[in-house]
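> no sequence on this one, just coordinates:
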């Protein structure tokens, strides 16, 4: 699924990196291809069937059940849409007559032998260990330079590492060695898409379809490209073709329903989701999306019933036993503080003050949270616009109370500058007031990261797990408090704001399958790096701190904090008495961020040190 636009990020609690360099979750996963990569019960086989073709995928199928169609990973793209081919005929909500399901893949005679380099590369790629996969496929290529599958495997692994020029050389070689293999063209198209070459991707997809018009994966991949361009007509046409080829695949209906939903073809979306629910019953994602579309259609009773069922089906969902309030006695002084913060919030964010008496339950709930019901100490409203996302919280630390911030206006997109609605603002307030209740965990994790007590992977997983819990609490609030109010007042509602379209499983296995340029690796892996850097810097281990930041610069999938890394590398060089090198690094920072507030003063200090010919 597409990650909901309301996904928010808790702000970092310590470290040198200004919060403007921590990307919001919403920005981390904006595109269809990533969302689709995360769905389906048998992800490894999906990846390999597209990336490596039947020869290698057949072996993977022994360890995974039959998979639903999905596109390979693709980085978010923001380029303007180039010329596109003539649109296919408009799709209808009804799929083509059912066809017999495709036979299960069987292992071909030339499948790689267990333990071979090709086999090891396949397994490493399946597990998301891209560097290990590159080494194994390189060994296979050295043994047989004309093995197209090995070139594709290495190219796919290099794409995961962000090494697009090298990846394209391998994928070009695969197409050259085996130009009649539609899968190689499809895979090269996916790589081109990640490199922001949409025209090249479309050309490769078209060639793959010429070679094999019955290859569902290429239609899935091209639909994802069209979807990311908001070209829902073409996306739905390709998705209809997938359904014609795989009429009993629930994932195909889920994907087309997603397209229909965003195209405001809600009745057709609901029909597709109902069919998906029949094909894959008791899937919380499908039931939850049925609930969301029903609510968008104004069918409150049906939507609430389905949403409750989805939460019950969702393994480990903390919203199952949701209680809006704790059995906590709050003092009169604490409640007075809570009500004052709510009044200030409504004064600073006027749309939140709508529906005065009807929405009193929202203000009463928020007053108890500001009073410290969950945190154990008062929480403050901060009218400062957040810097990372639509809403943020600052965790309480000794001597500094916790606070929440919500952005009044849109900062991006066609609505930039316009005020947010009553529901948008309250959904963010509810999220952050739940999120700050888990602040003790966020603070602990950042402290343990600084002290080196947990690994980067452990940090990412735990941050992800706790923020997922906040989403589940917000969704339960929506079901139990907000939706009954919306039904009474006959208000249109956006379930996406409340994570009714977010049903991602949090597990070690899933974490290993997620592209490391995407949430939760981004932003939490980088937060971990900065916590470790800050600890080393504070301890005076300047050279070790520098090596860590140099590694940060070697990771192209995290572009947002490169300016900050250059700045601190410059500061470290200056402290080591190397002002000329410091100036070069600070200039790199300024080229990336000309308005960085710390860069100009630091450069002046380096220039002065250079003139003195001594340490500052």
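It's in. Note that the structure is predicted; figures quoted are calculated from it, not measured. Numbers count the residues shown, from 1 in each chain.
> which residues does residue 384 contact?
Residue 384 makes contact with residue 405 under the criterion Cβ atoms under 8 Å, 6 or more residues apart in numbering. For the C-beta atoms, the positions are set from N, CA and C on the backbone; glycine is no exception.
> Return the backbone torsion pair for it.
Backbone geometry at residue 384, expressed as degrees, to the nearest 10, gives phi -60, psi 130.
> and residue 287, how many residues sit next to it?
25 (other Cβ atoms under 10 Å).
> Give the helix, strand or coil label for it.
When classified by DSSP: H, G, I helix; E, B strand; the rest coil, residue 287 comes out as helix.
> how much space between it and residue 596?
47 Å (Cβ to Cβ, to the nearest Å).
> next one: residue 291
Taking Cβ to Cβ, one finds residue 291 at 45 Å from residue 596.
> Between these two, point out the one with more neighbours.
residue 291 (28 against 19).
> tell me the mean pLDDT for the host helix or strand of that one?
Assessed by DSSP states H and E, residue 291 sits inside helix 284-296. Taken as a whole, helix 284-296 carries a mean pLDDT of 97.
> mind checking the SS state of residue 380?
Three-state call for residue 380 (three-state DSSP): strand.
> so who does residue 454 touch?
445, 448, 462.
> Skipping adjacent residues, who's closest to the second one in space?
I take that to be residue 448. residue 454 (4.7 Å; Cβ to Cβ, 6 or more residues apart in numbering).
> can you check the last one too?
In space, not counting the residues next to it along the chain, residue 462 is nearest to residue 445; the distance is 5.4 Å by Cβ to Cβ, 6+ apart.
> what about that neighbour, which helix or strand?
Using DSSP H and E, the element containing residue 445 is helix 439-450.
> May I see the buried residues of stretch 133-147?
Buried residues in stretch 133-147, counted by 16 or more other Cβ atoms under 10 Å: 133-141, 147.
> and if you look at stretch 280-297?
Those would be 280, 283-296, for stretch 280-297 by 16+ other Cβ under 10 Å.
> Could you tell me the model confidence score at the residue nearest to residue 462?
So, for residue 445, pLDDT stands at 94.
> Please report how far it lies from residue 401.
20 Å.
> higher neighbour count, these two?
residue 445 (24 against 14).
> Surely the more buried one touches residue 459?
Yes. Look at residue 445 against residue 459 with Cβ atoms under 8 Å: they come within range, at 5.8 Å.
> Contacts only, for the residue nearest to residue 462.
454, 459, 462-463.
> State the pair within those that is farthest apart.
Pairwise distances across these peak at 10.6 Å for 454 and 463 (criterion: Cβ to Cβ).
> hmm, back to that, can you redo the buried residues of stretch 133-147 as a markdown table with pLDDT, distance to residue 537 and secondary structure?
Listed next are the buried residues of stretch 133-147 as a markdown table, based on pLDDT from 0 to 100; distance: Cβ to Cβ, whole Å; DSSP: H, G, I helix; E, B strand; the rest coil:
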| residue | pLDDT | distance to residue 537 | secondary structure |
| --- | --- | --- | --- |
| 133 | 92 | 34 | helix |
| 134 | 94 | 32 | helix |
| 135 | 94 | 33 | helix |
| 136 | 94 | 37 | helix |
| 137 | 95 | 38 | helix |
| 138 | 95 | 37 | helix |
| 139 | 94 | 40 | helix |
| 140 | 94 | 43 | helix |
| 141 | 95 | 42 | helix |
| 147 | 93 | 47 | coil |
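> So for residue 397, what's the pLDDT?
86.
> Around it, how many other residues sit close by?
Neighbours of residue 397 using other Cβ under 10 Å come to 12.
> what do you get for residue 528?
The number of residues near residue 528, taken as other Cβ under 10 Å, comes to 25.
> Do a quick rundown of the helices in the stretch 151-300 of the chain.
Applying DSSP state H, counting those that start in this stretch to the stretch 151-300 of the chain gives helices spanning 164-177, 182-194, 198-211, 216-228, 232-245, 250-262, 266-279, 284-296, 300-313.
> Need these in CSV (columns: distance to residue 476).
Output for the helices of the stretch 151-300 of the chain, formatted as CSV (distance: least, Cβ to Cβ, whole Å):
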stretch, distance to residue 476
helix 164-177, 42
helix 182-194, 36
helix 198-211, 40
helix 216-228, 30
helix 232-245, 31
helix 250-262, 22
helix 266-279, 21
helix 284-296, 12
helix 300-313, 7
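> what about the stretch 101-250 of the chain, any weak spots by pLDDT?
The model of the stretch 101-250 of the chain has pLDDT under 70 over residues 101-113.
> Roughly how far does residue 489 sit from residue 498?
16 Å.
> Just want to know which of the two has more residues nearby.
residue 498 (28 against 11).
> same for the helix or strand containing residue 532, what does it pack against?
Using DSSP H and E, the element containing residue 532 is helix 521-538. Using 3 or more Cβ pairs under 8 Å, 6 or more residues apart in numbering; DSSP states H and E, the elements in contact with helix 521-538 are helix 25-28, helix 439-450, helix 456-477, helix 542-553, helix 562-575.
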